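# Please find the sequence and the predicted model below.
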Amino acid sequence: MTTLLRTVVLALSLLLQFNAHAESKAIAEADAQSIRSVIEAQLAAFSVDDAQTAFSFASEGIQQTFGTAENFLAMVKATYPVVYRPATVLFLEPEQVAEEIMQGVEMADEDDRLWLAIYRMQRQPDNTWRISGCVLKSLPGSRS
């Protein structure tokens with residue numbers, strides 16, 4: 001699973017680098033609120049180790065990749081500790097880049113290091129949103 005995880009992270013990184021050169025577009029306020037609610041709900045589920053609820057906000061592709069909620073939670077704990085237990089969370093404006101919706105969230109970890117979590121969002125057929133990936137980038141400085 002480690003090789004698969006690396007492949008997923010590399011693919012998301014390349015996608016973000018490619019899309020960084022594309023024109024970005026604003027997101028409708030209703031969609032921005034829905035996207036934020038999904039991420040907040042997943043973070044709340046992580047905060048109480050509710051693997052099933054956290055997993056329910058992941059896209060079908062992510063669910064298929066990890067198979068079970070427990071595998072997904074274990075991956076988040078090991079690979080995304082700041083997402084698993086952020087000390088602070090600050091939502092940035094979501095953007096449409098090419099055909100992708102990206103939601104940036106600035107987070108601080110328990111050591112006050114700053115991170116940018118870039119969530120890739122996917123609209124579902126029922127018009128709800130799910131998380132289809134997340135890439136972390138270390139930011140300079142700390143929240144102190």
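Structure's in. What do you need?
# Report the secondary structure state of residue 141.
strand (DSSP: H, G, I helix; E, B strand; the rest coil).
# Going along the chain, name the helices of this protein.
In the chain, the helices defined using DSSP state H lie at 2-19, 29-47, 51-56, 60-66, 69-79, 81-84.
# Compute the first-to-last residue distance for stretch 52-61.
The first and last residues of stretch 52-61 sit 16 Å apart, counting by Cα to Cα, to the nearest Å.
# Give me the residues contacting that stretch.
Residues from elsewhere that reach stretch 52-61 (Cβ atoms under 8 Å, 6 or more residues apart in numbering): 38-39, 41-42, 45-46, 63, 66, 68-69, 72-73, 76, 122, 130-133. Backbone N, C-alpha and C define where each C-beta goes, glycine included.
# show me where pLDDT drops low in the chain?
Low-confidence segments of the chain (pLDDT under 70): 1-24, 143-144.
# Can you turn the buried part of the contacts of stretch 52-61 into a PyMOL selection?
Those of those that count as buried under 16 or more other Cβ atoms under 10 Å are selected in PyMOL with:
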select buried, resi 38+39+42+45+46+63+66+69+72+73+76+122+130+131+132+133
